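Participant: Sequence first, predicted coordinates after that:
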Number of protein chains: 2
Amino acid sequence: MLETKTERVCGCAHDPATFAARVEQSCARDGVQLTPLRRRVLDIFSGSAGPLGAYAILEALSRREGKQVAPPTVYRTLDFLLEHGFVHKIESLNAYAPCEHLGHAHHGMLAVCDACGRSEEIEDEAVMRAIAATAAGSGFMPRTVMVEAKGLCRRCAEREAGATAHHRNPGVASSTSAPSGSRK
Amino acid sequence: MLETKTERVCGCAHDPATFAARVEQSCARDGVQLTPLRRRVLDIFSGSAGPLGAYAILEALSRREGKQVAPPTVYRTLDFLLEHGFVHKIESLNAYAPCEHLGHAHHGMLAVCDACGRSEEIEDEAVMRAIAATAAGSGFMPRTVMVEAKGLCRRCAEREAGATAHHRNPGVASSTSAPSGSRK
DNA sequence: CTCCGCACTGTTATAACATAACAGTCTGCC
DNA sequence: GGCAGACTGTTATGTTATAACAGTGCGGAG
Ligand SMILES: [Zn+2]
Ligand SMILES: [Zn+2]
Ligand SMILES: [Zn+2]
Ligand SMILES: [Zn+2]
């Protein structure tokens, strides 16, 4: 919610605040039906600093609508967004994150920060080629491939390095827990 | 349960039937405590043709013990096996599979067959190097990496190719559902 | 215009996956 | 004996996801 715009190699703007608007344009262009409900869920993603669990979305939605929303409503919306590649599921977190590379037929590697809970989607043509090659070598024909890494994002890694340099702090900065409805 | 021994590049025997015995040896060598309960769970893995969900293990265990077993019993056993690298969790399936590369400090890619439900663990030094490089390029410091592929294993791919060649069968061979407690 | 199908949403109930918290047992050590 | 630690049992509950069916609104065929 504090972070905006980070430049990447691919050159596209990943400003979370404009995520919903960009998806909206994409839908208009492709004749895909972006209903009010779906749009509200996109807004919720736009306003989040990290991946969201289905039930976190459910709560945000309930707050926004002023009345209780049921799980299938959320899961159906997520199905729609997943099918169209507007969001990705992070399996190791049971959470969902907005796609940061809308439009590219990217094959993304998801990197999740253990410290701040944010996720980022890294372009990785080389990784996917390596995986395809390895799979082919064993006779396996992949249809979908998922790569998820956990570790420290640049910001958190730098902050931690600084902390240890200053006062030899052994405790990990994990009091800064995940920003939104996911645990583990 | 029908399949035995498949030879791989790495040269180690992956016979599921001997999985429990091999883990047992490993524990004896390392002074790790392999209790009867843990051993029974290993046996259950040995007797399975594919990944097992926690509740599938629970049921198998309950049957074997003759009395109802509770979830924590299973999850604690799985924790033990995971910690020691004897089994892996397949996040995209919420299921667990025996390690096929006991002993190697492997970094495995898990390949799950959509048709027969089996999983295999493929060695992939190159993939892990590519991932590390990609991550480094974006400033991310990975601690753990997960690679999961879904598609067709060699056997199923061949069978399907044969089927389509013979009578132009459009229906996927998905009636041959997953072998054990997992869906999706 | 009417009827129908289709896409979307609402609602209730339940399935599937996972953990918290506390109690009991056994074993080895002081 | 008394105690600590590792393991297991037990009860209850939390979290994630889906099944099944009902209602609504809209556009096109007849
Ligand atoms: Zn993406
Ligand atoms: Zn971070
Ligand atoms: Zn392994
Ligand atoms: Zn197969």
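Facilitator: Looks like it came in fine. Ligands and ions are numbered 1, 2, ... in the order given.
Participant: Kindly state the pLDDT recorded for residue A:183?
Facilitator: Reported pLDDT at residue A:183 in the predicted model: 39.
Participant: Stretch A:124-142 and chain B in contact?
Facilitator: Yes: taking CB under 8 Å from any CB of the partner chain as the criterion, stretch A:124-142 and chain B are in contact, through A:124, A:126-127, A:129-131, A:133-135, A:137-142. In short, each C-beta sits where N, CA and C put it, glycine included.
Participant: of all these, which two lie farthest apart?
Facilitator: Greatest spacing in those, by CB to CB: A:124 and A:139 (23.6 Å).
Participant: returning to that earlier point: out of the residues of stretch A:124-142 next to chain B, just show me the ones up against ligand 1, please.
Facilitator: When CB under 5 Å from the ion is taken as the criterion, no member of these contacts ligand 1.
Participant: what helices or strands is the longest strand anywhere in chain A leaning on?
Facilitator: The residue-count maximum for a strand in chain A (DSSP state E) belongs to strand A:141-152. In this structure, strand A:141-152 packs against strand A:108-113, helix A:125-137, helix B:125-137, strand B:141-152, with contacts taken as 3 or more CB pairs under 8 Å, 6 or more residues apart in numbering or on different chains; DSSP states H and E.
Participant: rewinding a little: pick out whichever of the residues of stretch A:124-142 next to chain B sits closest to residue A:61.
Facilitator: Scanning these for proximity to residue A:61, where the rule is CB to CB, the winner is residue A:124, at 32.5 Å.
Participant: right, is the helix or strand harbouring residue A:56 up against chain B?
Facilitator: Element membership of residue A:56 [criterion: DSSP states H and E] is helix A:54-65. No: under the criterion of CB under 8 Å from any CB, helix A:54-65 makes no contact with chain B; the nearest approach is 14.5 Å.
Participant: And the average pLDDT for that helix is what?
Facilitator: Throughout helix A:54-65, pLDDT has a mean value of 97.
Participant: how about the CA coordinates for the helix or strand just after it, as CSV?
Facilitator: Of the helices and strands lying after helix A:54-65 in sequence (DSSP H and E), the nearest is helix A:71-83. Coordinates of the C-alpha atoms in helix A:71-83 are reproduced here as CSV (Å, rounded to 0.1, in the frame of the first residue of the first chain):
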residue,chain,number,x,y,z
PRO,A,71,-16.9,-18.5,-0.2
PRO,A,72,-18.2,-19.7,-3.6
THR,A,73,-18.6,-16.1,-4.7
VAL,A,74,-14.9,-15.5,-4.1
TYR,A,75,-13.8,-18.8,-5.5
ARG,A,76,-15.8,-18.2,-8.7
THR,A,77,-14.3,-14.8,-9.1
LEU,A,78,-10.8,-16.2,-8.6
ASP,A,79,-11.5,-18.9,-11.1
PHE,A,80,-12.4,-16.3,-13.7
LEU,A,81,-9.3,-14.2,-12.9
LEU,A,82,-7.1,-17.3,-13.0
GLU,A,83,-8.5,-18.6,-16.2
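Participant: What residues does the nearest residue to residue A:97 once chain neighbours are set aside make contact with?
Facilitator: With sequence-adjacent residues excluded and distances taken as CB to CB, 6 or more residues apart in numbering or on different chains, residue A:97 is closest to residue A:51, at 4.2 Å. By CB atoms under 8 Å, 6 or more residues apart in numbering or on different chains, the contact list for residue A:51 reads A:90, A:93, A:95-97, A:112, A:117-119, A:180, A:182.
Participant: gap between the residue nearest to the spatial centre of chain A and residue A:148?
Facilitator: Relative to the mean C-alpha position of chain A, the nearest C-alpha, by CA atoms, centre = their mean, is the one of residue A:97, at 2.5 Å. According to CB to CB, to the nearest Å, residue A:97 stands 11 Å off from residue A:148.
Participant: what sits in contact with each of those two?
Facilitator: Shared contacts of residue A:97 and residue A:148, counting by CB under 8 Å, 6+ apart, come down to A:90, A:110.
Participant: How far off centre is the lowest-mean-pLDDT helix or strand in chain A?
Facilitator: Within chain A, no helix or strand scores below helix A:154-167, which has a mean of 80 by mean pLDDT, DSSP states H and E. For helix A:154-167, the gap between its own C-alpha mean and the chain's C-alpha mean amounts to 24 Å (CA atoms, centre = their mean, to the nearest Å).
Participant: Also stretch A:96-103?
Facilitator: Stretch A:96-103 sits 6 Å away from the centroid of its parent chain (CA atoms, centre = their mean).
Participant: now swap in stretch A:66-80 and tell me
Facilitator: Between the centre of stretch A:66-80 and the centre of its chain there are 18 Å (CA atoms, centre = their mean).
Participant: returning to that earlier point: would you mind pulling the contact partners of the longest strand of chain A?
Facilitator: Contacts to strand A:141-152, defined as CB under 8 Å, 6+ apart, come from residues A:90-92, A:107-115, A:124, A:127-128, A:131-132, A:135, A:160, B:91-92, B:111, B:114, B:131, B:135, B:140-152, B:157.
Participant: Fine by me, we can end here.
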